[in-house]
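> need a structure here:
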Amino acid sequence: MPLAGSQKLTEELGCCVARIECDTPTGVQCGTGFFFAFLLENGKRSPCLITSRHIVNGARSGRFFVARKDADGKPLLNEPLECRLTDFEDKCHPHPDPFVDLVLIFVGASLQALKAEGHDFHVTYLSRSAILPREQRAALAHLENVAVLGYPLGLWDPQQLQPVARMGITATHAGLPYGGASEFLIDAPCHAGLGGAPVFLCMPAQAGEGGTLVQRSPGVALLGVLYAQRHPHLSGETGVEPIVGRLRAGRPVPPQPLPGSAPLGVVLSTDKILDFEPLVRAMIHGYVSKY
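Predicted coordinates:
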């Protein structure tokens, strides 16, 4: 199970995210998920897909996509494999806190089914080691460079299964609970389709002696999950609206334009990802059904 480290932003990191499409009574809802491997007591890892709960609400069926792998183990990004799930919403485990917009899907059986059909695929898993430790998060500056990696409608490349990286900055301190919740704001494009996308801290490439680069690409660390946008003209008292992409007749439905400045992204901190660990271990011990 290849794990993505936190040192380099490479093409390998593009294989840690997946486009998600959900068939609902009101049409197709789209978002982004990312693969995460939870470490178990026996040293093994449980492969999961994490996304926003509102993406899968009402999903009677759904699918996510992974890259096919050639005989040499290299990903074939132009040959995506579709992993289809019936009763999609029922296979999603919501976060223990009903006010946290996250779900977890155990994907081990689904991926093994692809292998049983003769398909080989390439998936990279994030893990706890990719998360910025709490003490380092507290030492961050108010303004830090971040990247959102996902599948914004109308921008991602369906031919190459390529996610799109959108750059921005932290609008509030990533180590402080915005409004008392375990979340923070970013000033970055929050297109429909990016709900559930991972948000990474981008650290400058490191220079060695004599000014030579010891790290070609900027380093990254997982900061959280983008789930909503905040804007004073959005409906409701909080001015917060979940980010979800919608398709009609296979084409993206454009969102309603907002007056004034662009909305800010609302990001759940990585603490909420790690809240799933007890659920994963309970599943392994048979206390909770995988599905």
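
> Just checking: what are the partner strands of the lowest-mean-pLDDT helix or strand in the chain?
Sorted by mean pLDDT, DSSP states H and E, the helices and strands of the chain end with strand 251-252, the least confident at a mean of 72. Partners of strand 251-252 in the sheet, by DSSP bridges, are strand 245-248 (antiparallel).

> circling back: give me the distance from the least confident helix or strand of the chain to the chain's centre.
The chain centroid and the centroid of strand 251-252 are separated by 21 Å, computed with C-alpha atoms, centre = their mean, to the nearest Å.

> Let me see the confidence value for the closest residue to residue 108 other than its chain neighbours.
On the basis of C-beta to C-beta, 6 or more residues apart in numbering, the spatially nearest residue to residue 108 that is not a chain neighbour turns out to be residue 47, at 4.9 Å. In this view, the C-beta of every residue, glycine as well, is placed from N, C-alpha and C. The predicted local confidence for residue 47 comes out at a pLDDT of 90.

> ok so, going back, helices or strands next to the helix or strand just after the least confident helix or strand of the chain in the packing?
Once strand 251-252 ends, the next helix or strand along the chain (criterion: DSSP states H and E) is strand 264-269. Strand 264-269 makes packing contacts with strand 183-187, strand 219-230 when contacts are defined by 3 or more C-beta pairs under 8 Å, 6 or more residues apart in numbering; DSSP states H and E.

> Highest mean neighbour count out of those?
Comparing those on average neighbours per residue, with mean count of other C-beta atoms under 10 Å, the densest one is strand 219-230 at a mean of 24.

> packing partners for that one?
For strand 219-230, the helices and strands in contact under the criterion 3+ C-beta pairs under 8 Å, 6+ apart are strand 145-150, strand 183-187, strand 197-203, strand 240-242, strand 264-269, helix 271-274.

> And those, which one averages the lowest pLDDT?
Among the helices and strands packed on strand 219-230, strand 240-242 carries the lowest mean pLDDT, a mean of 83.

> Tell me the strands beside that strand, with direction?
strand 219-230 (antiparallel).

> Could you tell me how far the strand it pairs with lies from the centre of the chain?
On the basis of C-alpha atoms, centre = their mean, the separation between the geometric centre of strand 219-230 and that of its chain is 8 Å.

> how much does that strand deviate in direction from strand 183-187?
On the basis of axes from the mean of the first three to the mean of the last three C-alpha atoms, to 10 degrees, strand 219-230 is oriented at 90 degrees to strand 183-187.

> what does the average pLDDT come to for strand 219-230?
Averaged across strand 219-230, pLDDT comes to 92.

> My guess is residue 68 contacts residue 83. True?
No - taking C-beta atoms under 8 Å as the definition, residue 68 is not a contact partner of residue 83, at 11.7 Å.

> Report the set of residues contacting both of these two.
Both residue 68 and residue 83 lack any common contact, where contact means C-beta atoms under 8 Å, 6 or more residues apart in numbering.
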